[in-house]
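>>> next comes the sequence, and after it the predicted model I'd like to discuss.
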Amino acid sequence: MISKKLAIEVLNEMLSTGADFAEIFYEDSHAASVAIENGKVSSSSFDITSGAGLRLLKENRSVYGYTSDLTKKGLMNLAQSLNKSFSGERLITVTKLEMIRGKNRNPIIKSYDDIPLKDKIDLVKEGTNEIESMNDPRIVRYIGNFLNNHRGVTIFNSKGKWFTRETEFARLAYSVIVADENGMETGFEGPGCQMDMSFFKDKAQPRKVARKAAETALLMLTAKECPSGKMPVVIGNGWGGVLFHEACGHPLEASAVSRGLSYATGKEGQMIASPVVTAIDDSTIPNEWGSIDIDDEGNPGTKRVLIKDGILKDFMIDDFNGRRMGREGNGSCRRQNYKFCPTSRMSNTYIDNGKSTPEEIIAATKLGLYAVGFAGGSVDPTTGEFNFGCSEAYIIRDGKVCEPVKGATLIGKGEEILKKIDMVANDLAFGQGMCGAASGSIRTNVGQPTLRISEITVGGRGGELK
């Protein structure tokens with residue numbers, strides 16, 4: 001732990017050459033994981049992360065460094081190394097630090113630290129046993145994982161503030177590989193939360209999660225190749241929100257907007273989406289995977305309405321990139337750990353409920369694609385151009401969900417797709433994932449109700465849609 005006295009000394013050393021802001025980010029975290037492959041425990045680990053990241057700002061310049069040496073000498077050496085990036089007279093002197101307490105929206109009744117390893121193994125085995133019970137020779141490999149992380153963070157800065165945060169989260173995941181003469185397919189399900197073990201007994205039961213992963217893989221194994229062309233696409237709720245996250249969410253982060261690297265730069269107050277689209281990034285939802293009480297600059301988590309009835313209203317802003325925008329951070333600054341310089345990132349990002357029902361959207365679609373799950377893909381945040389592979393998809397004919405298809409790829413530009421969303425349902429759900437960007441890999445929730453894109457290019461090897 002870094003004491004307040006030492007923090008003040010280090011901050012003042014950092015500020016001695018004219019920086020206008022200094023920050024110490026201290027982290028002490030530990031994570032445990034266990035994996036079961038084809039019925040046998042294949043790995044078990046316990047990892048400790050402890051260190052400090054120091055950041056200096058001067059106008060629109062930033063310098064960052066980190067160390068695991070938390071002695072006074074180690075921290076002062078790093079401070080002196082960093083402050084050489086600036087030259088000038090001292091602008092700020094820190095004399096005291098005031099502790100700011102954030103609201104704990106994600107309480108854990110019983111810490112995962114107190115759960116025996118055997119209980120975690122038994123939890124994973126509930127799911128792997130379910131897969132075994134299917135007794136299907138096409139299932140060639142299945143892996144169950146359980147991960148829990150207990151993260152402690154303390155932030156000191158030259159504004160005279162001191163913040164502290166403690167977070168626990170866990171995730172249960174199953175990956176199932178199936179194969180036969182038709183080829184090979186993979187099914188994956190990975191629910192996560194900031195709750196205690198009750199989440200996996202009540203809301204994300206291992207048997208149901210594992211079976212869903214296996215059934216999806218087996219279904220896609222027998223599916224025909226997806227046809228190609230421009231067509232209406234209905235995107236399922238929950239994990240379907242990854243399309244908005246990648247193609248539209250990243251371009252609304254200040255790290256891109258502030259440097260003119262986003263199609264959304266300069267468009268605040270303008271119509272950038274269909275009037276049926278309201279998009280939100282909300283880090284205050286209790287116990288959700290992407291929620292935070294305070295961000296990694298010490299700003300409180302907030303609910304940010306990014307798009308309201310199609311009109312661009314706000315961005316996800318960190319303090320540093322906010323300088324270029326003439327804005328203060330709005331609780332959107334995150335990092336993987338102390339080794340990463342923080343920047344603007346998403347938390348729980350979703351398209352809000354609309355007025356239709358899923359049944360109405362399907363019924364209103366004469367011929368098109370129903371995309372339920374997504375696999376890999378790529379996106380250029382500057383242009384919003386993307387391509388995403390579908391891990392589960394079906395053809396819609398005459399308003400009904402019909403045969404499954406595989407190999408579907410959605411291709412387009414985020415800015416254009418937002419304007420082509422013509423129906424949004426009322427069945428909002430979330431999907432948990434990890435998002436990688438400049439400040440590392442972080443927990444993010446994607447989400448949306450069932451919605452329809454009136455026309456999008458679909459890639460596939462099944463010929464023309466008929």
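Cool, got the structure.

>>> so what does the helix or strand encompassing V446 touch, helix or strand wise?
Under the criterion of DSSP states H and E, V446 resides in strand 440-448. The criterion is 3 or more C-beta pairs under 8 Å, 6 or more residues apart in numbering; DSSP states H and E, and the helices and strands that strand 440-448 contacts are helix 242-244, strand 348-351, strand 429-437. (Glycine included, C-beta is placed from N, CA and C.)

>>> could you redo the last one with a cut-off of 10 Å?
When contacts are defined as 3 or more C-beta pairs under 10 Å, 6 or more residues apart in numbering; DSSP states H and E, strand 440-448 packs onto strand 161-180, strand 192-193, helix 242-244, strand 279-282, strand 333-334, strand 348-351, strand 429-437.

>>> given that strand, what are its sheet partners and their directions?
Sheet partners assigned to strand 440-448 using DSSP bridges are listed as strand 348-351 (parallel), strand 429-437 (antiparallel).

>>> list the buried residues in the longest one.
For strand 429-437, the neighbour count (16 or more other C-beta atoms under 10 Å) marks A429, F430, G431, Q432, G433, C435, A437 as buried.

>>> quick check: mean pLDDT across that strand?
Model confidence over strand 429-437, given as mean pLDDT, is 94.

>>> could you give the angle of that strand to strand 161-180?
Comparing the axes of strand 429-437 and strand 161-180 via axes from the mean of the first three to the mean of the last three C-alpha atoms, to 10 degrees yields an angle of 110 degrees.

>>> list the strands paired with the helix or strand of the chain with the lowest mean pLDDT, with their directions.
When the helices and strands of the chain are scored by mean pLDDT, DSSP states H and E, strand 367-380 comes last with a mean of 88. The strands that strand 367-380 pairs with in its sheet are strand 229-235 (parallel), strand 385-397 (antiparallel) (by DSSP bridges).

>>> tell me which of those strands lies nearest to D296.
Put simply, out of these the one that sits nearest D296 is strand 385-397, at 27.1 Å, with distance taken as C-beta to C-beta.

>>> show the average pLDDT along the closest one.
Across strand 385-397, pLDDT averages out at 94.

>>> how about stretch 224-238?
97.

>>> list the buried ones in the strand holding V446?
Buried positions in strand 440-448, judged by neighbour count with 16+ other C-beta under 10 Å: G440, I442, R443, T444, N445, V446, G447, Q448.

>>> go on, stretch 203-216?
So, applying 16+ other C-beta under 10 Å, buried residues of stretch 203-216: A204, Q205, P206, V209, A210, R211, K212, A213, A214, E215, T216.

>>> quick one: that stretch to chain centroid distance?
For stretch 203-216, the distance from its own C-alpha centre to the chain's C-alpha centre is 21 Å (C-alpha atoms, centre = their mean, to the nearest Å).

>>> what is the mean pLDDT for it?
On average, stretch 203-216 scores 97.

>>> sorry, back to before: tell me which of the strands paired with strand 440-448 lies nearest to P404.
Set against P404 and scored by C-beta to C-beta, these come closest in strand 429-437, at 19.7 Å.

>>> so how far is the closest one from its chain's centroid?
On the basis of C-alpha atoms, centre = their mean, strand 429-437 is displaced by 3 Å from the centre of the chain it belongs to.

>>> same thing with stretch 269-279?
Using C-alpha atoms, centre = their mean, the mean C-alpha position of stretch 269-279 is found 22 Å from that of the whole chain.

>>> and what of stretch 273-289?
How far stretch 273-289 lies from its chain's middle: 13 Å, per C-alpha atoms, centre = their mean.

>>> do the same with stretch 129-142
For stretch 129-142, the gap between its own C-alpha mean and the chain's C-alpha mean amounts to 30 Å (C-alpha atoms, centre = their mean).

>>> now swap in stretch 419-433 and tell me
Computed by C-alpha atoms, centre = their mean, the chain-centroid distance of stretch 419-433 equals 16 Å.

>>> measure it end to end?
One end of stretch 419-433 sits 26 Å from the other (C-alpha to C-alpha, to the nearest Å).

>>> can you pull out the strands in the stretch 1-150 of the chain?
Along the stretch 1-150 of the chain, counting by DSSP state E, counting those that start in this stretch, strands occupy 21-37, 40-58, 61-67, 98-100, 139-157.

>>> would you single out the least confident of these?
For these, the bottom mean pLDDT is recorded on strand 98-100, which sits at a mean of 94.

>>> now for that strand, which elements pack on it?
With contacts taken as 3+ C-beta pairs under 10 Å, 6+ apart, strand 98-100 sits against strand 161-180.

>>> give me the neighbour count for M184.
Neighbour count for M184, taken as other C-beta atoms under 10 Å: 14.

>>> and for R323?
Residues within reach of R323, counting by other C-beta under 10 Å, total 20.

>>> for R259, see how far away the spatially closest residue to it that is not a sequence neighbour is.
Spatially, and ignoring its direct neighbours in sequence, R323 is nearest to N60 (5.8 Å; C-beta to C-beta, 6 or more residues apart in numbering). Using C-beta to C-beta, to the nearest Å, N60 is found at 10 Å from R259.

>>> identify the contacts common to those two.
Taking C-beta atoms under 10 Å, 6 or more residues apart in numbering as the contact criterion, the common neighbours of N60 and R259 are N321, R324.

>>> which residue of the two possesses the greater neighbour count?
R259 (13 against 10).

>>> so G229 sits right up against T409, yeah?
No: using C-beta atoms under 10 Å, G229 and T409 do not qualify as a contacting pair, with a distance of 12.0 Å.

>>> which neighbours do those two share?
Taking C-beta under 10 Å, 6+ apart as the contact criterion, the common neighbours of G229 and T409 are T457, V458, G459, G460.

>>> doesn't T409 make contact with the third one?
Yes: if you go by C-beta under 10 Å, G459 and T409 touch, sitting 3.8 Å apart.

>>> hey, what's in contact with both of those two?
Where contact means C-beta under 10 Å, 6+ apart, the residues bridging G459 and T409 through contact with each are C226, S228, N387, F388, G389, C390.

>>> how about these in TSV, adding distance to S158?
Putting these into TSV (distance: C-beta to C-beta, whole Å) gives the following:
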residue	distance to S158
C226	55
S228	56
N387	44
F388	43
G389	46
C390	48
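
>>> mind giving me the domain split of this protein?
Taking automatic domain parsing as the domain assignment, the ranges for the chain are 4-222, 225-459.

>>> among the ones you listed, show me which one is buried the most.
Mean neighbours per residue, mean count of other C-beta atoms under 10 Å, is largest over the domains of the chain for domain 225-459, with a mean of 21.

>>> coming back round to it: could I get the buried residues of strand 429-437 as CSV with distance to V178?
What follows is these, written out as CSV (distance: C-beta to C-beta, whole Å):
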residue, distance to V178
A429, 25
F430, 27
G431, 22
Q432, 23
G433, 22
C435, 28
A437, 32
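
>>> ranking the helices and strands packed on strand 440-448 by mean pLDDT, which is last?
Taking the mean pLDDT of each of these, the lowest value is held by helix 242-244, a mean of 90.
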